[in-house]
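Engineer: Predicted model, plus sequence, below.
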Amino acid sequence: MAEKQEENLIKEEKGLEIVKNLADDYASYICELIKNKIGKGDKPLKNLRIVIDAGNGAAGFFAEKVIEVLGGDTAGSQFLNPDGNFPNHIPNPEEKEAIESIKKAVLDNNADFGIIFDADGDRSAFIDKNGREINRNNLIALLSEILLKEHSGGIIVTDSITSAGLKKFIENRGGIHHRFQRGYKNVINESIRLNNEGKYSPLAIETSGHAAFKENYFLDDGAYMAARLLIQLVESREKGVEFTDVLNELPEPVEEIEIRIPIKDKDFRACGEKIVENFREYAEKKEDWSLESPNYEGVRVNVGQKSWFLIRLSLHEPLLCVNIEAEKEGMGNDILEELKDYLKKYEKMEI
């Protein structure tokens with residue numbers, strides 16, 4: 001009898017259903033941000049063709065509800081409809097296939113700018129009208145250029161694998177480059193910590209494309225980042241310049257190498273940490289190597305005038321990660337071979 005009464009109560013009890021389209025609200029917020037920053041009426045993107053590649057993820061709304069609402073032309077945009085099978089390319093702005101896809105769309109459609117999002121829209125990368133890729137170090141440099149013009153002396157917090165050239169680029173603009181650790185939460189929390197200590201840090205950003213602005217509550221938000229660059233695009237066009245040309249001042253390495261070496265040990269973290277610490281002692285004794293300081297992750301070594309490498313333990317996987325940038329052809333491979341020779345003495349390393 002009691003069970004019967006309880007069943008009836010459940011059937012008769014009615015909850016409150018609220019239907020709200022948060023995507024539309026957010027699109028309106030982004031539109032207002034762009035309009036207010038540019039200050040040129042309701043159609044500030046008029047006469048601009050902006051190609052969007054949402055990778056069949058969640059950010060396809062940006063084409064219709066932001067670019068088109070603001071007067072922009074989205075001809076050539078692709079993969080805007082959500083499809084969890086991701087039939088066209090992996091929705092990852094770091095993937096070569098994805099970048100080549102948006103680059104082709106920009107060039108084929110004579111677009112002024114291209115924006116590519118990851119699956120959930122918290123990361124993005126960009127292509128300028130000439131096909132230049134704006135991701136990784138390029139993206140950090142471009143955002144730093146914008147923010148340091150607004151607030152000189154700011155601290156740009158990045159992950160550990162950013163280039164030596166980026167540090168110089170930021171410092172030449174009156175900023176401070178705080179190269180921290182991998183993991184977007186790590187860089188965000190570090191930037192928040194600095195601000196709480198009274199040290200102004202406007203941006204926390206990973207080379208993966210996760211970027212969080214102080215002015216946007218330190219949310220990692222690909223659409224907000226895209227809005228910031230669109231504002232700069234419009235303002236630079238009015239001055240008759242291309243805002244991406246400043247990237248010509250970012251030193252580029254001759255060689256870049258990135259590899260991951262498996263650690264065959266159940267307690268891979270303890271094993272990897274020991275190997276990294278032993279390598280630090282080895283590197284300190286090399287006459288032609290100098291340890292980077294300060295350094296917050298792994299062992300970062302400067303070689304020659306402009307070359308460097310970083311060896312670190314993966315945050316989550318049983319892997320030892322190596323990043324190398326070299327100033328001369330063949331130098332990167334020479335560094336890699338020396339690292340491999342050193343690591344071969346550890347039977348747990350799958351060289």
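Structural biologist: Happy to help now that I have it.
Engineer: What average pLDDT does stretch 265-272 get?
Structural biologist: Across stretch 265-272, the average pLDDT comes to 96.
Engineer: domains in this protein, as residue ranges please.
Structural biologist: Using automatic domain parsing, the domain parsing of the chain gives 22-249, 255-343.
Engineer: quick one: N195 from E215, how far?
Structural biologist: 11 Å (CB to CB, to the nearest Å). For every residue, glycine as well, the C-beta is placed using N, CA and C.
Engineer: Of the two, which one has the most company?
Structural biologist: More neighbours surround N195 than the other of N195 and E215, with 16 against 13 (other CB atoms under 10 Å).
Engineer: number of nearby residues for the residue lying closest to the more buried one once chain neighbours are set aside?
Structural biologist: Nearest non-adjacent residue to N195, counting by CB to CB, 6 or more residues apart in numbering: S201, 5.4 Å away. Counted with other CB under 10 Å, residues neighbouring S201 total 25.
Engineer: Check N130 too.
Structural biologist: By other CB under 10 Å, 10 other residues sit near N130.
Engineer: got it, and E256?
Structural biologist: Per other CB under 10 Å, the neighbour tally for E256 reads 14.
Engineer: cool, and K103?
Structural biologist: Using other CB under 10 Å, K103 has 19 other residues around it.
Engineer: Check L166 too.
Structural biologist: 22.
Engineer: Can you pull the phi/psi pair for it?
Structural biologist: Reported as degrees, to the nearest 10, the phi and psi values for L166 are phi -70, psi -40.
Engineer: Pretty sure it sits against L142.
Structural biologist: No - counting by CB atoms under 8 Å, L166 stays clear of L142, with 10.8 Å between them.
Engineer: what is the closest residue to I99 other than its chain neighbours paired to in the beta sheet?
Structural biologist: Leaving out its chain neighbours, the residue that sits closest to I99 by CB to CB, 6+ apart is E133, at 5.8 Å. Here E133 sits in beta bridges with I127, as judged by DSSP bridges.
Engineer: chain center to stretch 311-331, what's the gap?
Structural biologist: Centroid displacement of stretch 311-331 relative to its chain, using CA atoms, centre = their mean, to the nearest Å, is 18 Å.
Engineer: Spell out the residue ranges of the strands in the stretch 101-250 of the chain.
Structural biologist: Ranges of strands in the stretch 101-250 of the chain, per DSSP state E, counting those that start in this stretch, are 113-117, 124-128, 133-134, 155-158, 176-179, 203-205, 211-213.
Engineer: tell me the most buried of those strands?
Structural biologist: Stretch with highest mean neighbour count among those: strand 113-117 (a mean of 30; mean count of other CB atoms under 10 Å).
Engineer: could you say what helices and strands that strand packs with?
Structural biologist: strand 50-53, helix 96-108, strand 124-128, helix 222-238 (3 or more CB pairs under 8 Å, 6 or more residues apart in numbering; DSSP states H and E).
Engineer: any chance of these in JSON lines, with distance to S191 too?
Structural biologist: Shown next, in JSON lines, are the helices and strands packed on strand 113-117 (distance: least, CB to CB, whole Å):
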{"stretch": "strand 50-53", "distance to S191": "28"}
{"stretch": "helix 96-108", "distance to S191": "26"}
{"stretch": "strand 124-128", "distance to S191": "19"}
{"stretch": "helix 222-238", "distance to S191": "15"}
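Engineer: out of those, deepest packed?
Structural biologist: Scoring those by mean neighbour count under mean count of other CB under 10 Å gives strand 50-53 as the most buried, with a mean of 30.
Engineer: Please consider this matter closed, and thank you.
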